[in-house]
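Colleague: Quick one, what's the 3D model for this:
(2 chains)
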Amino acid sequence: MCLALILIPFFSIIILNLPPREVNKRIAFGLVLILTLGQMFLVFFPGCNFWKMNSGVFGSMLKIDLLVDNLTLIMLFCIGLIVLVTLFTSRQFIGPIEKQRNFINLLLVVLIGMNGTVLARDIFSLYVFLEITAVASFILISFDKELLGLEGAFKYLLLSAIATILMLSSIALLLILTGSTGFSEVQAVLKTLNPNNPLLILAVGLFLAALFIKSGLIPFHGWLPDAYSSAPASVSVLLAGIVTKVAGVYALIRIMVSVLGFSPASQAVLLLIGAVSIVLGALLSLTQSDFKRMLAYSSISQVGYIILGLGSGTALGIVGAVFHIFNHCVFKSLLFINSAAIEKQTGIRDMDKLSGLAQKMPVTGLSSLLASLSAAGIPPLAGFWSKLIIIIALWSAGYYTYAVIGILAGILTLAYFLSLQRRVFFGKLTREFINVKEASFSLVFPMVLLSVIIIGVGVFTPVLLDKFILGLGNILGG
Amino acid sequence: MNYNSIVLGIIFIPVIGSLVLPVIGRASSRLRNILSFIFIFSSFLLSLKLVPLVLSGRTILILKPFALGLNFTLYADSLAVFMACVSSLISAIIVTYSFGYISHYENQNEYYSMVTLFLGAMMGIVFSANLILLYIFWEITAITSWRLIGFFRDKPYVLKADKAFLVTVFGALVMLTGFLMIYQQAGSFDLAVIQGKFRIGGISNLAVLLILVGIFSKSATLPFHTWLPDAGVAPSPVTALLHAAVLVKIGVYVFARIFIVNITPDILWNTIVPLIAGLSAIISAGAALRETDLKRLIAFSTISQIGFIFFGLAIGNEFAVLGSLLYILMHGIAKAGLFLCAGIIEQNTKTKDITKLGGLIQTMPFTAIAFLFCSFSVMGIPPFGGFFSKYMVFSGALATGKLWIVLIFLIGAFMTIIYLFRVFNLVFLGQQNISAKETSPIMVASVTLLGILSLAGGILISYPYQFAQIAASQMLKGL
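Modeller: Numbers count the residues shown, from 1 in each chain, chains lettered A, B, ... in the order given. Alright, predicted model coming up:
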């Protein structure tokens, strides 16, 4: 049944483009709205028939195996949420009706790609859906056909192409070694292999490198700041909020947990790359003056935390990592919406030229404050808990050094977010901005929605832990 | 009304109230001000209601267990209730003063909301019996003090607010590492479990050190003290709140809560902590002697006096601990008074430079007298409240026989007398350079009240003494 999450968007695209093509913009908007809301709603009923494995006629025709577990469910929720939010922000930024339809078409393609990625149960389908997502993202980044956007898209394209080659080679190697591409089949055979088999080591290395590029981790991060900062505002929200999290981070977690399994060497690589990304990403953020570039480097740093949690190799660490993906989706897309609102209302993205805007844009100011503090791991906001769980996991797994790096890097995170707040919101209002108004409803609504999630999840995490969050650990097999 | 809901009320009336205030402020600023006072004062009244209970030796425990040891645990004993009474009383007076002081500035909604939240979070810290819960409230106070220090929004001010935020959060993160070490050894964040494990000692010195970094950074003790004088850019009621009622007392309180009641650290720390406190007391007193900015001067004085409180707590016999508890009360009242006087002077003369002031006693008699009374209390002159607390800390210390540390603090106490007389002399006596009047009656009334309380605290010492004595003996028994 859950194949519907891929098929319905697919047929929606066809219907929206049937002649006569002047389909009302409202219909397209409403369609995506319903799709995303439905997706988020269904996640809360993990027992219902919708999620049963039998994928019916279509499934056997398409030869796609689907997988539903807690990790998949929470990712589907994130995808639904961020696509919904992107849809709202796009109303402000995408101009004529013709372009809006194109945008919604592409948004649906990304939705298909991401849903497929998180539902895929074999390496090759995973790869195909990753490519679908990536290709749609290239077009979205260059959507405005401006020079910077094209440049950003081109960089992303180049590095993604390299990732593709690496990933395909790795899949080929795994196919040689195991004779299969299904997650469970590959995992079963890999367990019987000698861990020092050079082909296996090569395959693991190639796969990890490919996903590090896709996640934008240091030192594979070259494309990320350009892509994030040059994309149109609503695309940045989508890209930073969810696309790279699914295409890179989710895939990494899935491959590590369900296919390759942890080995001391791969854990060491994950921990090292995670820690380097946290610290360097934060330091690089400190030096930025462009609002969106700062957020892009901050993303690198935050993804580092997720990888650090994964690298601990324990169930609790993975719980923390997935929980942090969720939190990161929420606060990072909120921050990108804030930057979109600021850019829309003032036309400026250089933070040094802004000042005291919280007074004129209270919702933007307050929500950016909540998102910043959540990202910096300040309680009682949501980000605190996921970082705490990651740190506790590292600590109890004996990785004291990495735990301490994770804790103390919090101060760097706080430093750059304070600098953001000081420059943009928390200062004297200058004469220049005396007539600035709060952004319109289609930006304010997602800001309020995401802020409520940040506070709500933050305050009620201890209650949610038993019911939802700790259940995520089950994906580590038994 | 049962006792559990009283404890919850003390914390959550101001916390939840603070979220309502900005909304109300849009409709009526008057109602907002009054409500802010009511929220804070109800914390005080509810704390008072707990006094008879804890004096009879009973305690209240609220425990709601959650996964991973992230329990919601509140615990009210005599130490907690004593601290809650002191903080909420002083905060209530400071808020009253704000009605006059803040009335002509922007961002008042945020101001009242943050002040109320600040007090609520302080109450949360006071009653927390779970280290993570404590950490959460600890960081909420960091957020609120950041917003309040940056109240005037000028760039240099906001930079100093950021500095305070970063220093205290750095300390808190280091402290969190210490908490994790304890968690690993004790298997819980709950203080009751930790007490069972570490009351007899055996805690690693590294964990103690890490937690002390957090405590010292919050209490602005050497070497993490520099943010506190810088925080003087905040509005005066805020500095009073930071220095006297809430922020710096958090560190002191948590020290008492963790290292006296629940964990017995290595004997080594009985020397190290007084030594750090002594250095902090003398060096900042020296800085106060040379400072010419009125608010920075009083800030250095706070750093110095906090050293005395740590001294008494670290000595750890009943008399010294009792002295320290009284010190928290007396210093809170007197220091709030000094800052609020400074606020009146600053608003009416438009300067904080004490060398430019003089002779203000002629035109500002109430402020001058209140300042003098509060100064006497801080100096420790009988019969003012500060005398008794200082006396008890010293006599407790003498009983342990560590004469050289007592000497350091004696020097510190002398320096206190000198720099406070110097300020009084420069600001209130001599030739009047800038003439100014006392304009806001509510502000003058607040400082007068604090001046009177400084004196009354000494004359009626037996009431707080009894309370503090019971608290001290319970603390040392580990109840």
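Colleague: So what's the residue count around A:W395?
Modeller: For A:W395, the neighbour count with other C-beta atoms under 10 Å in any protein chain shown is 22. Where C-beta positions appear, they are placed from N, C-alpha and C, glycine not excepted.
Colleague: That one and B:G178 touch, don't they?
Modeller: No. A:W395 is beyond contact range of B:G178, at 11.7 Å (criterion: C-beta atoms under 8 Å).
Colleague: Could you list the low-pLDDT ranges of chain A?
Modeller: A:1, A:20-25, A:52-67, A:475-478 (pLDDT under 70).
Colleague: Chain B contacts on that one?
Modeller: A:356, A:359, A:373, A:378-380, A:384, A:388-389, A:391-392, A:395-396, A:403-404, A:407-408, A:410-411, A:414-415, A:418-419, A:422, A:426-429, A:461-463, A:465-466, A:470 (C-beta under 8 Å from any C-beta of the partner chain).
Colleague: which stretches of chain B have low pLDDT?
Modeller: Checking chain B against pLDDT under 70 turns up B:1, B:245, B:479.
Colleague: Give me every residue in chain B lying close to chain A.
Modeller: Counting by C-beta under 8 Å from any C-beta, chain B sits next to chain A at B:66-68, B:70-72, B:106-107, B:132, B:135-136, B:139-140, B:142-143, B:146, B:150, B:153-155, B:158-159, B:162, B:165-166, B:169-170, B:173-174, B:176-177, B:180, B:183-184.
Colleague: Keep only those of the residues you listed that are in strands.
Modeller: B:F72 (DSSP state E).
Colleague: From the residues of chain B next to chain A, list the buried ones, please.
Modeller: B:66, B:68, B:70-72, B:107, B:132, B:135-136, B:139-140, B:142-143, B:146, B:150, B:153, B:158-159, B:162, B:165-166, B:169-170, B:173-174, B:176-177, B:180, B:183 (16 or more other C-beta atoms under 10 Å in any protein chain shown).
Colleague: Just the closest residue of the stretch 251-400 of chain A to chain B, please.
Modeller: Distances between the stretch 251-400 of chain A and chain B by C-beta to the nearest C-beta are smallest at A:P379, namely 3.9 Å.
Colleague: show me what contacts that residue?
Modeller: A:385, A:458, B:135-136, B:139-140 (C-beta atoms under 8 Å, 6 or more residues apart in numbering or on different chains).
Colleague: swap in B:F366?
Modeller: So B:F366 contacts B:438, B:444, B:447-448 (C-beta under 8 Å, 6+ apart).
Colleague: just how off-centre is stretch B:300-308 within its chain?
Modeller: Centroid separation between stretch B:300-308 and its chain, computed with C-alpha atoms, centre = their mean, to the nearest Å, is 11 Å.
Colleague: Contacts only, for the closest residue to B:I283 other than its chain neighbours.
Modeller: Nearest non-adjacent residue to B:I283, counting by C-beta to C-beta, 6 or more residues apart in numbering or on different chains: B:L222, 6.2 Å away. Under the criterion of C-beta under 8 Å, 6+ apart, the neighbours of B:L222 are B:216, B:276, B:279-280, B:283-284, B:303.
Colleague: now the helices for the stretch 101-250 of chain B?
Modeller: B:108-127, B:131-149, B:155-186, B:191-198, B:205-218, B:227-230, B:236-240, B:247-255 (DSSP state H, counting those that start in this stretch).
Colleague: so which of the ones you listed gets nearest B:I309?
Modeller: Among the helices of the stretch 101-250 of chain B, the nearest to B:I309 by C-beta to C-beta is helix B:247-255 (5.1 Å).
Colleague: what angle do the helix or strand following the closest one and helix B:247-255 make?
Modeller: Downstream of helix B:247-255, the next assigned helix or strand under DSSP states H and E is helix B:269-290. Following axes from the mean of the first three to the mean of the last three C-alpha atoms, to 10 degrees, one obtains 170 degrees for the angle between helix B:269-290 and helix B:247-255.
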